[in-house]
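[1] here are the coordinates; sequence isn't available:
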């Protein structure tokens, strides 16, 4: 693969990664397994990039590969609590591909809005959603009580929701 193809692949994969990651995580409850499947998907896409038909949206191709990775994982596990039949999974993948652009726009708007938050608010979000701490554990780390943290989180979420909607309206996206 030449450097131009590598750069093109990197740009395409980076643009669709949030959609593919959300898709895989919605089907696979085990975070570590979902991340492994994402890595396997990226590797397979890279290896087969010469086969990519540029007329077709890259995200659709990537979601198709991810779908087969998820199906293979479910077949290998055989004991998964949530197993879709092939037709249901195909329909889900097609629907996800149709929604990928809107989800990507929303994700970018959300990142931009998070960047605009005060440092304290960003820290609370990080502790809650990235470190998966309860309101009580966040309060223990930062001081205060769980009720105050829960109210603060509600206000932050409302602020982010409004910011995302405003940004999507301003940018011509879907609010």
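    Looks like it came in fine. All values derive from a computational prediction rather than experimental measurement. Residues are numbered from 1 along each chain as shown.

[2] after the helix with the most length in the chain comes which helix or strand?
    Ranked by residue count, the top helix of the chain under DSSP state H comes out as helix 86-116. Following helix 86-116 in sequence order, the next helix or strand is helix 119-125 (DSSP states H and E).

[3] And for residue 97, the neighbour number?
    21 (other Cβ atoms under 10 Å). From N, CA and C alone the C-beta is placed, and that goes for glycine too.

[4] Let me know the distance separating it from residue 105.
    The gap separating residue 97 from residue 105 is 15 Å, by Cβ to Cβ, to the nearest Å.

[5] same thing with residue 118?
    25 Å.

[6] Check residue 68 too.
    Taking Cβ to Cβ, one finds residue 68 at 27 Å from residue 105.

[7] between the two, who's got more neighbours?
    residue 105 (17 against 13).

[8] in the chain, what secondary structure element scores lowest on mean pLDDT?
    helix 86-116 (a mean of 75; mean pLDDT, DSSP states H and E).

[9] Report the central residue of the protein.
    Centroid check for the chain by Cα atoms, centre = their mean gives residue 22 as the closest residue, at 3.3 Å.

[10] what helix or strand is it on?
    helix 3-27.

[11] What mean pLDDT does stretch 65-79 get?
    For stretch 65-79, the mean per-residue pLDDT is 80.

[12] Can you give me the buried ones in that stretch?
    65, 66, 67, 69, 70, 71, 73, 74 (16 or more other Cβ atoms under 10 Å).

[13] what kind of secondary structure is the residue in the chain sticking out farthest from the centre in?
    Relative to the mean C-alpha coordinate of the chain, counting by Cα atoms, centre = their mean, the farthest residue is residue 144 (31.7 Å). With DSSP: H, G, I helix; E, B strand; the rest coil as the basis, residue 144 sits in coil.

[14] Could you number the chain from 29 rather than 1 from now on?
    Understood, numbering begins at 29; the last thing we discussed is residue 172.

[15] Distance-wise, check it relative to residue 152.
    10 Å.

[16] on that earlier part again, out of the buried residues of stretch 93-107, which are inside helices?
    Counting by DSSP H, these contribute 93, 94, 95, 97, 98, 99, 101, 102 to helices.

[17] Now do the contacts for the residue nearest to the third one when sequence neighbours are not counted.
    Pointing back at residue 95 there. Counting by Cβ to Cβ, 6 or more residues apart in numbering, residue 95 lies nearest to residue 121, which is 4.5 Å off, once chain neighbours are set aside. Residue 121 makes contact with 51, 91, 92, 94, 95, according to Cβ atoms under 8 Å, 6 or more residues apart in numbering.
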